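A.B. asks: Give the three-dimensional model of this entry:
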Amino acid sequence: MATIHYTDAEGTTTDVEATVGDSVMETAVRNGVPGIVAECGGSLSCATCHVFVRADDFEALPAMEEMEDEMLYGTAVDREDTSRLSCQVRVTEGMDLHVTTPETQI
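C.D. replies: Predicted coordinates:
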């Protein structure tokens, strides 16, 4: 079992049981989590699924690829040290991930 904790910019948290292998973005969209626009559907071409990963969770994630790093420079809200595109983060067995969505994605 895996759980993703989505906190919006106002501080409201939505906890979702996630399917291993899905992306954090797919999990949010499927469960109606606010704050994830996902205009491109996960094709790494829009940066509207930007999230801030809690610092202690960030180090456990696989390193981002170069394309994701480049796309993070095009987010509506400035990237931070723990920024990721949620379409590029895959859910793994036992994951207990905390992310916060920015004020806006567009």
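A.B. asks: low-confidence ranges in this structure?
C.D. replies: In the predicted model of the chain, no residue satisfies pLDDT under 70.
A.B. asks: Okay, strands next: where are they in it?
C.D. replies: Here the chain has its strands, by DSSP state E, at 2-7, 13-18, 50-53, 83-85, 96-100.
A.B. asks: do you know which of the ones you listed lies nearest residue 66?
C.D. replies: When these are compared for distance to residue 66 using C-beta to C-beta, the nearest one is strand 83-85, at 12.5 Å. Any C-beta I mention is one placed from the backbone N, CA and C, and that applies to glycine too.
A.B. asks: ranges for the helices of this protein?
C.D. replies: For the chain, helices defined by DSSP state H occupy the ranges 24-30, 55-58, 66-71.
A.B. asks: Most tightly packed of those?
C.D. replies: A comparison of these by mean neighbour count, using mean count of other C-beta atoms under 10 Å, puts helix 24-30 on top with a mean of 22.
A.B. asks: which residues does the residue lying closest to residue 43 once chain neighbours are set aside contact?
C.D. replies: With sequence-adjacent residues excluded and distances taken as C-beta to C-beta, 6 or more residues apart in numbering, residue 43 is closest to residue 87, at 7.8 Å. The neighbourhood of residue 87, defined by C-beta atoms under 8 Å, 6 or more residues apart in numbering, consists of 23-26, 38, 40, 42-44, 49.
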